[in-house]
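K.L.:
Please find the sequence and the predicted model below.
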Amino acid sequence: MKINFTKMHGCGNDFIMIDNRKNVLQHVVLKSFVQMVCRRKFHIGANGLMLLEDSNKADFSMRYFNSDGSEGEMCGNGARCMAKFAYINGIVDKEMAFETVDGVYQATILNNGHVQIYFPTVFIRNIKLAQTLDMNGNEEHFHYATVGVPHTVIFKQKIVEEKEEAFIQWARKIRYSNYFPKGTNVNIVEVKNKSELIIRTYERGVEEETLACGSGATASAIISALVQSTTSPVSVQTKGGVLTIGFQMDNEKVSSITLSGEAEVVFTGSFMDK
Ligand SMILES: N[C@H](CCC[C@H](N)C(=O)O)C(=O)O
């Protein structure tokens, strides 16, 4: 069976997009299919796969799978790519609403071609600040919030120098710690100034460092506002580009949360699924 796809990325966080409204994937076992097509060098290669499907609640429905085949509740950069994919295929106008496992989200295609999504309100009582994790006698101080998916945020003085392999090994200890029954994405954050962060993210389900993570950048911006007095809008430098996060904050909640940045088509193609 011939399967058409579009390869996209948002700041180097890359995805395979498939229009599944006609059930083109009905004959595959989704988990192993996702693992196969996301494997670099052997197939298309990506951090994840996104399916566009019909919805009776919104303009369309988006499903997100990590490269290990696990289904994620939400993916910020993936959602931005999905919004652009739906727009360029004439499925929606520049303003749209789409269903995710985490509820209905909205997106806007901005005039410069960037894509903005809107996150639901985060209640401050649900954010865990200044937690301590004991990693074999080594204490790690972290903050934790669910922004679509679970995110741990750890502040560091300088994060660029840290070698990728060392970062991954360290992040895995947190990701697999008993403290997080559902696992967690792990973000390290350097506060450059009141409106700029530098961030690196280890992603659950990809089980690697990715070049950018939209929900991770958003969680980091919110937590930085709470504990490092940064202010909206925040520009977040990832390894793959800049993401911009806007929000409003009062004593109780963080609302009007936006995430914007580039979402680009790399190529389109098709392959025969055996
Ligand atoms: N890269 C994504 C997050 C994926 C979340 C996934 N790694 C999970 O925890 O299931 C983003 O841009 O928000």
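P.N.:
Great, that's in hand. From a predicted model like this one, the values you see are computed outputs, not experimental measurements.

K.L.:
Against Phe180, how distant is the closest residue to Lys128 other than its chain neighbours?
P.N.:
Using CB to CB, 6 or more residues apart in numbering and skipping the chain neighbours, the partner closest in space to Lys128 is Tyr144 (4.2 Å). C-beta coordinates here come from the backbone N, C-alpha and C atoms, glycine included. Tyr144 is 8 Å from Phe180, where distance means CB to CB, to the nearest Å.

K.L.:
Show me whatever sits in contact with both of these two.
P.N.:
150, 152 (CB atoms under 8 Å, 6 or more residues apart in numbering).

K.L.:
Which one's more surrounded, these two?
P.N.:
The neighbour count for Tyr144 versus Phe180, taken as other CB atoms under 10 Å, is higher for Tyr144 (20 against 17).

K.L.:
Now do the phi/psi pair for that one.
P.N.:
Note on Tyr144: its backbone torsions stand at phi -140, psi 130 [degrees, to the nearest 10].

K.L.:
re earlier: what bridges to the residue nearest to Lys128?
P.N.:
Lys128, Thr152 (DSSP bridges).

K.L.:
Hmm, Pro150 and it touching each other?
P.N.:
Yes. In terms of CB atoms under 8 Å, Tyr144 counts as a neighbour of Pro150; the distance is 7.2 Å.

K.L.:
what's the overlap in contacts for these two?
P.N.:
By CB under 8 Å, 6+ apart, the residues touching both Tyr144 and Pro150 are Thr184.

K.L.:
Any stretches of the stretch 51-200 of the chain with poor pLDDT?
P.N.:
Nowhere does the stretch 51-200 of the chain drop to pLDDT under 70.

K.L.:
Within range of the ligand, give me the residues from it.
P.N.:
With CB under 6 Å from any ligand atom as the criterion, the stretch 51-200 of the chain comes near the ligand at residues 66, 72, 75-78, 149, 185.

K.L.:
where do the helices sit along this structure?
P.N.:
30-38, 76-88, 164-175, 214-227 (DSSP state H).

K.L.:
Export the residues of the stretch 51-200 of the chain next to the ligand as TSV, with columns for distance to Ala219 and neighbour count.
P.N.:
Output for those, formatted as TSV (distance: CB to CB, whole Å; neighbours: other CB atoms under 10 Å):
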residue	distance to Ala219	neighbour count
Asn66	17	23
Gly72	14	22
Cys75	13	30
Gly76	9	27
Asn77	13	35
Gly78	15	33
Val149	9	25
Asn185	8	26
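
K.L.:
Closest one to Gln106 out of those residues, please.
P.N.:
Gly76 (13.0 Å; CB to CB).

K.L.:
Hmm, Thr218 and the closest one touching each other?
P.N.:
Yes. The criterion here is CB under 8 Å, and Gly76 meets it with Thr218 at 6.1 Å.

K.L.:
shared neighbours of these two, anything?
P.N.:
119, 147-148, 259.

K.L.:
Let's have the helices of the chain in a markdown table, adding distance to Met272.
P.N.:
Shown next, in a markdown table, are the helices of the chain (distance: least, CB to CB, whole Å):
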| stretch | distance to Met272 |
| --- | --- |
| helix 30-38 | 12 |
| helix 76-88 | 22 |
| helix 164-175 | 34 |
| helix 214-227 | 32 |
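
K.L.:
where exactly do the strands run in the stretch 151-274 of the chain?
P.N.:
Using DSSP state E, counting those that start in this stretch, the strands of the stretch 151-274 of the chain run over 185-193, 196-203, 208-210, 234-238, 241-249, 253-261, 264-272.
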